[in-house]
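S.K.: 3D, please:
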Amino acid sequence: MTTSQAPRRMNFPAAQGRSAVKRWLAVPAVTLGIFSLMTSELLPVGLLTTSVPPSTSPGAPRD
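M.R.: Next up is the predicted model:
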């Protein structure tokens, strides 16, 4: 018969010296990075339609 043992915690050497605050600071840093990357990729496309005059856009009705 086998006895069940409590699961062992994995102790990684890199994580032992870090505090919880330093680890949680990575979350807003990654969030800010993703936000700025996505904004820089999508903002020009959103502004493109407002910068083209309606009379020169393809598919616009001609007077």
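S.K.: Counting neighbours, which bits of whichever strand or helix holds S40 end up buried?
M.R.: When secondary structure is defined using DSSP states H and E, the element that contains S40 is helix 20-51. If you call a residue buried by 16 or more other CB atoms under 10 Å, then helix 20-51 has no buried ones at all. All C-beta spots, glycine's among them, are computed from the backbone N, C-alpha and C.
S.K.: what mean pLDDT does it have?
M.R.: For helix 20-51, the per-residue pLDDT values average out at 86.
S.K.: Run through the neighbouring helices and strands of that helix.
M.R.: Applying 3 or more CB pairs under 8 Å, 6 or more residues apart in numbering; DSSP states H and E, one finds that helix 20-51 contacts no other helix or strand.
S.K.: Is R8 part of a helix or strand, or is it coil?
M.R.: Local secondary structure at R8 is given as coil here, using DSSP: H, G, I helix; E, B strand; the rest coil.
S.K.: I'd like to know how far it sits from G46.
M.R.: When distance is defined by CB to CB, to the nearest Å, R8 is 51 Å away from G46.
S.K.: Repeat that for R23.
M.R.: Note on R23: its distance to G46, by CB to CB, is 35 Å.
S.K.: can you check Q5 too?
M.R.: 57 Å.
S.K.: Repeat that for L25.
M.R.: The span separating L25 from G46 equals 31 Å under the rule CB to CB.
S.K.: do the same with T39
M.R.: With distances defined as CB to CB, the gap from T39 to G46 amounts to 10 Å.
S.K.: And A26, by the same measure?
M.R.: Noted for A26: a distance of 29 Å to G46, by CB to CB.
S.K.: What of P28?
M.R.: With CB to CB as the criterion, P28 and G46 are 25 Å apart.
S.K.: Repeat that for T31.
M.R.: T31 sits 21 Å away from G46 when distances are taken as CB to CB.
S.K.: Same question for L37.
M.R.: The separation that L37 has from G46, given CB to CB, amounts to 15 Å.
S.K.: can you check M38 too?
M.R.: Applying CB to CB, the value for M38 to G46 is 12 Å.
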